[in-house]
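Q: what follows is a predicted protein model with its sequence.
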Amino acid sequence: MCQKEGYPGSVGIRIFPVSHCFAINVPVLHGLACIEMKRFLSVFLTILFLSAIIGLSPYDIEAAAYPFSFPPETVDGEKPMPVIGFIDSHLVEEGQTLLQIARIYGLGYNQMALYHPEIDPWLPEAGMVIDIPSKWIPPPTRHRAVVVNIPEMRLYRFFEEHHMVRTYPIGIGREGFNTPVMETRVVAKIENPSWTVPPSAWEKYGRKVMPPGPENPLGDYWIGLAANNIGIHGTNFPWGVGRRVSHGCIRLYPEHAAQFYHEVDRGMIVEILYEPVKVGVRGDLVFLEAHPDIYELFPDLETHAWTVINGAGVADIVDPLKVRQCIDARKGVPTLISRDP
């Protein structure tokens, strides 16, 4: 499937399914876009044909990477991040669930449930076309390497030298085992890890150490962090991505764990943030992305939103009504809040 979402000055394209899923922006300059688009579509069709021949499944898709450049730093504060991604669309097939569709597009269950509260996640109507919220505002970052944002249940891997960012949906700690907010670093990388079963689960699993294999909840890859015995890892229960399911660790889809494992090195800084509201820009337009305050840290999320907006220096060009509507909806996607012209 190929999706387009236009905005002034560019054409956006995202491709599914290929072994290396990606997104590009093609500037519309002096009438050359149509020529470049024809060349790109020729390559695109060839890739789709080869993918069909070699029999790739939807879950062989890697997480998408997007062109991205950090905004220039200012004395008064950091400028809003650029909006990445686009709203895709999907034709629901017989028997598909929202969880399966989410995984195909590199989303977690939470994103689909927030964006489509009207749809039964287990029984979406076959034949209907639904929007896929593959659009984000990257969170603020000091180290520009790996950032986890807890409220949106999403991880960002920045490649500053290549002007790219890749993003992954995650599962986080369940109630009573909250994933901690912290700045830490990668201290271990293990393929086919064993899992030390906590005493509370010895009776359930009948053992103290779970060897590698399909029953191991760590999946096939473990990226250990320096603090609190927390790690980023795969899972034997992919439908927990986009949910609060772990003992504090950060879970990735199995296919994403394999990919992310090779994108990080020991010593790399990992920032785990808690930011339910983000401000971004695309061209001259300002967007707000609001998520549920799952840890209930903010008594008034709208007040916090205005703190973020003022810090970004865009308060004078946004519509207060649109801000309130975005906060009330909390759909987890960038929403236009610029004043009408």
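A: Great, that's in hand.
Q: please report how far residue 301 lies from residue 233.
A: 31 Å (C-beta to C-beta, to the nearest Å). Where you see a C-beta, it was placed from the backbone N, CA and C, and this is true even at glycine.
Q: domain parsing of the protein, as residue ranges.
A: 2-56, 172-267, 277-336 (automatic domain parsing).
Q: want to throw these into TSV with mean neighbour count, distance to residue 166 and mean pLDDT?
A: As requested, these are exported to TSV (neighbours: other C-beta atoms under 10 Å; distance: least, C-beta to C-beta, whole Å; pLDDT from 0 to 100):
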stretch	mean neighbour count	distance to residue 166	mean pLDDT
domain 2-56	13	9	37
domain 172-267	17	7	93
domain 277-336	18	17	97
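Q: who wins for proximity to residue 139 among those domains?
A: domain 277-336 (6.0 Å; C-beta to C-beta).
Q: ok, back up a step: residue 122: which of the domains of the chain is closest?
A: domain 172-267 (10.9 Å).
Q: let's have the domains of the chain in JSON lines, adding distance to residue 117.
A: Formatted as JSON lines, the domains of the chain follow (distance: least, C-beta to C-beta, whole Å):
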{"stretch": "domain 2-56", "distance to residue 117": "22"}
{"stretch": "domain 172-267", "distance to residue 117": "14"}
{"stretch": "domain 277-336", "distance to residue 117": "9"}
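Q: what's the closest of those to residue 98?
A: So among those, domain 172-267 is nearest, using C-beta to C-beta, at 10.1 Å.
Q: centre of the chain to that closest one, how far?
A: 18 Å (C-alpha atoms, centre = their mean, to the nearest Å).
Q: gap between the two ends of that domain?
A: 22 Å (C-alpha to C-alpha, to the nearest Å).
Q: next one: stretch 234-252
A: End-to-end distance for stretch 234-252: 5 Å, by C-alpha to C-alpha.
Q: all further residue positions should be reported with the first residue as 13.
A: Understood, numbering begins at 13; the last thing we discussed is stretch 246-264.
Q: of the domains of the chain, which approaches residue 80 most closely?
A: Nearest of the domains of the chain (C-beta to C-beta): domain 14-68, 10.0 Å.
Q: where does residue 317 fall, phi/psi-wise?
A: phi -60, psi -40 (degrees, to the nearest 10).
Q: my read is that it contacts residue 289, right?
A: Yes. Residue 317 is within contact range of residue 289, at 4.6 Å (criterion: C-beta atoms under 8 Å).
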